[in-house]
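K.L.:
Build the 3D model from these lines:
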Amino acid sequence: MRTETIQTDITVIGGGLSGVNAAIAAARLGRTVALIQNRPVLGGNSSSEVRVWVCGATAHGTHRYARETGIMGELFIENQFQNPDGNPYFWDLVVLEAVRAEPNIQLFLNTDVHEVEAGGSKDDRRIEAVTGWMMGSERRIRFESEMFLDCTGDGLVGFLAGAEYRLGREARDEYNEEWAPEIADDITLGSSILFYSKDVGHPVKYVPPSFAKDITKTSIPIKRVIRSGDNGCAYWWIEWGGELDTVHQNERIRDELWSVIYGIWNYIKNSGDFEAGNMTLEWVGALPGKREYRRFVGDYVLNQNDIIAQREFEDRVAFGGWSIDLHPPQGMYSTESGSKHMHMDGSYHIPFRSMYSVNVSNLLFAGRNISASHVAFGTTRVMATCAVIGEAAGTGAALAVQHGTTPRGVYQQHLAELHQTLLRQDASVLGLAGADAGDLARTASSVTASSTRQRLSVEEPVEAYSLDNDAGLLVPVSTALETLELLIDAAVDGTLEVEVWSTGRAENYVPHTFQVSGSAEVLSGEKQWVSVPLNWKTEKSQNAFIVIKANPAISLYLSEAPLSGVLGFQRGADARTVKQLEDHLHDQPVVMWSMRRLVRKPFCFRVYPQTTAFAAENVVDGYLRPYGGPHLWMSEPLASGQEAWVELTWQDSVPVGEIHLTFNDDVNEDLINLHHHRTAFEVIPELVRDYRIEAWVEGDAAWSVLHRETDNHKRKRVHRLDCAVQASKLRVVAEATNGSPSAELIEIRVYS
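P.N.:
Model (predicted):
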């Protein structure tokens, strides 16, 4: 047996998306990292071994402008580019390549950590090392570090270190949570195994194994939707084990899930109720995808009320948006619905204090084992949210090592630095503006552009849209919304009625507070622009949610020319929306106002007066995401071959050594890693494709090209020069986009 010791600044145990994001974040900040995974592939439940969709704050298109940025965003964008068909093996490679790109990471696959050396009192413990066995290599490896991150999901490392944890459901009165049970218990969410099917083009027989369950003798065919063409996460409801111990009884749970999968396939193939003659099983998972086990206790326990209220923690470092999604303990055998959902009005915030242990001083955690109640865990558990938690935890660990302190010390003494570091890395944080003292772009005396879009309008109709239900139109408003014009058909003479609502919170995109209303008389006719006076004044820039009241005699027009900052909605019109509202007791505006049918298809409209929402100054305003407005620069639409630029000017020349550019990758577009849906494009059209960076260098009488990039498909680009140049001006010139008519840029940062 070979025994060895690995010494790094940080050890991350668990190679799911939370661990991957934590390791990459810390490595990019100059820390050495050991990333340990007990499987042969990275990605955890998203990997080819389990094949669960990477869901997150978008909630499959329920929340607006909610897709994650930072490292998770990079993975989404790269997978869309490399793997548009959602091949699970190619997704494995996207994740693996992201880790291998970081020279500060040492990766240990097939390594199972089962020993932890920790000392100290019950209330003040510290991990010295962890030891794992590398299967197939006969290597016993001891890992020594200053900081340890338990990203195992099940929380074995923290458990062995003596970290305080919870298991099961808290009583309702502990956190005053409406969805908690009256009495605490040890029930968790169950585990699932998925399968893929395939049409092979010729008849295929199926002989079920002896252990296949006759599902007709269960409630499954009555209470669950079964279709012959469905596979993968369409069968998320094949879930069981919530009333068992999902770790210690994992093998029993696996066998039960297998018996049901092969029984379902027997039902599909041999019942005669499905057209499945040419179908065969292509893949069946062998690992139960766990949903829940230990949840560690941190300095703060996130709970249901924090989620629904979207509490703005002072130490917010990540966000989520998936509904509070809880399942019946009996799983697939339950006579209840397979899940129930409570949606908040917009994305919610996750505090750093929920990412480190209350009693183990150098232990952080990320993923489904963070410090949250069972009910709050119902939303934080989805993988894209686990991933952004991982980036925040990895960043906090790196700062703790840098400053020779604990994670609690980072919260108490270096919180501002933690925030600014996350923003510099384009992490998923809401409502915080960049204020990096080292960013020279913030000291520019002026920001100008070749042109700036000032007209807020969409005018290219492609499809009539009947106004059978209320419709919604979200637009950014700078100081006033005086007039709205809509392109309509009217079957008879009548009245077009409109209401203007504010959205309440800047991160929300639902009607919250009524402001003004307006109406216009219309004559029968087709494709007529109708003007509605509104005269709404606002003291701050914000979004306006315009409700266009139902009128079956009127049709609006949809366009296929999306405009950043503008969204369209329909109110409770589709069956899915109506069913969701029936199933839940709460008024859930984000469910009631759906945008799924209208993604990238805004209504044709014009708004007056002209807008300043796309001003060049936005590239240095510190905001990296839509927040009460788009927070980006947009040029006027460009003619073929026409360039656009945005320029920074300093009164005195500055040393330019590193330029950070953040392009618009439309975080409203819901991306997925596997097979849920496919976008019509492999690169977000709003992303600038070809660009160059130019500087006005002292002593020269012309612009010098510092860097030129072609075929860009990424959101965040960092360009480091071989040596700094003294420049009084710097500009980014967009030569071509990936399909958008305008050039768009969110942020420029300049460092020496």
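K.L.:
what residues are up against residue 523?
P.N.:
Neighbour list for residue 523: 490, 493 [criterion: C-beta atoms under 8 Å, 6 or more residues apart in numbering]. Using the backbone N, CA and C atoms, a C-beta is placed for each residue, glycine as well.
K.L.:
all numbers from here: first residue = 131
P.N.:
Okay, using 131 as the starting number, the last item reads as residue 653.
K.L.:
From residue 664, how far out is it?
P.N.:
As judged by C-beta to C-beta, to the nearest Å, residue 653 and residue 664 stand 21 Å apart.
K.L.:
what do you get for residue 438?
P.N.:
For residue 438, the distance to residue 664 - C-beta to C-beta - is 32 Å.
K.L.:
now residue 550
P.N.:
Counting by C-beta to C-beta, the gap from residue 550 to residue 664 is 39 Å.
K.L.:
Pull up the gap between residue 574 and residue 861, please.
P.N.:
Relative to residue 861, and taking C-beta to C-beta, residue 574 is found at 11 Å.
K.L.:
now swap in residue 728 and tell me
P.N.:
Taking C-beta to C-beta, one finds residue 728 at 36 Å from residue 861.
K.L.:
what's the answer for residue 696, then?
P.N.:
27 Å.
K.L.:
Same check on residue 206?
P.N.:
29 Å.
K.L.:
where in the stretch 331-480 of the chain is pLDDT low?
P.N.:
Applying pLDDT under 70 to the stretch 331-480 of the chain flags no residue at all.
K.L.:
90 instead, please
P.N.:
351-353, 355-362, 466-468 (pLDDT under 90).
K.L.:
Domain map for this structure?
P.N.:
Here the domain parsing of the chain from automatic domain parsing is 132-299+426-554, 321-414, 570-582+744-881, 586-738.
K.L.:
Same list, the ones you listed, but as a markdown table with distance to residue 305 please.
P.N.:
Shown next, in a markdown table, are these (distance: least, C-beta to C-beta, whole Å):
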| stretch | distance to residue 305 |
| --- | --- |
| domain 132-299+426-554 | 4 |
| domain 321-414 | 20 |
| domain 570-582+744-881 | 28 |
| domain 586-738 | 18 |
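K.L.:
Just name the most buried of the ones you listed.
P.N.:
Of all these, domain 132-299+426-554 has the most neighbours on average by mean count of other C-beta atoms under 10 Å, namely a mean of 22.
K.L.:
Just the terminal-to-terminal distance for it.
P.N.:
One end of domain 132-299+426-554 to the other measures 42 Å (C-alpha to C-alpha, to the nearest Å).
K.L.:
Which parts of the stretch 231-380 of the chain are strands?
P.N.:
In the stretch 231-380 of the chain, the segments counted as strands under DSSP state E, counting those that start in this stretch are 235-238, 241-251, 254-264, 269-274, 277-280, 295-296, 321-322, 325-329, 369-370.
K.L.:
hey, where'd the helices end up in the stretch 631-780 of the chain?
P.N.:
Remark: helices assigned in the stretch 631-780 of the chain by DSSP state H, counting those that start in this stretch are 705-713, 719-722.
K.L.:
pLDDT on the first one, on average?
P.N.:
So the one you mean is helix 705-713. Mean pLDDT, computed over helix 705-713, is 53.
K.L.:
residues making contact with stretch 759-775?
P.N.:
So stretch 759-775 is contacted by 579-584, 606, 671-673, 694-695, 743-746, 748-749, 751, 753-755, 776, 794, 861-865, 871-876 (C-beta under 8 Å, 6+ apart).
K.L.:
repeat that with 6 Å
P.N.:
The contact list for stretch 759-775 (C-beta atoms under 6 Å, 6 or more residues apart in numbering) reads 580-581, 583, 606, 671, 694-695, 743-744, 746, 748-749, 753, 776, 794, 861, 863-865, 871-876.
K.L.:
Could you tell me the average pLDDT over it, please?
P.N.:
Rounded mean pLDDT across stretch 759-775 is 96.
K.L.:
chain center to that stretch: distance?
P.N.:
On the basis of C-alpha atoms, centre = their mean, to the nearest Å, stretch 759-775 sits 26 Å off its chain's mean C-alpha point.
K.L.:
So for it, first residue to last residue, what's the gap.
P.N.:
Per C-alpha to C-alpha, stretch 759-775 runs 22 Å from first to last residue.
K.L.:
Could you check the pLDDT of the residue lying closest to residue 807 once chain neighbours are set aside?
P.N.:
The shortest distance from residue 807 to any residue other than its chain neighbours is 7.8 Å, reached at residue 800 (C-beta to C-beta, 6 or more residues apart in numbering). Residue 800 carries a pLDDT score of 95 in this model.
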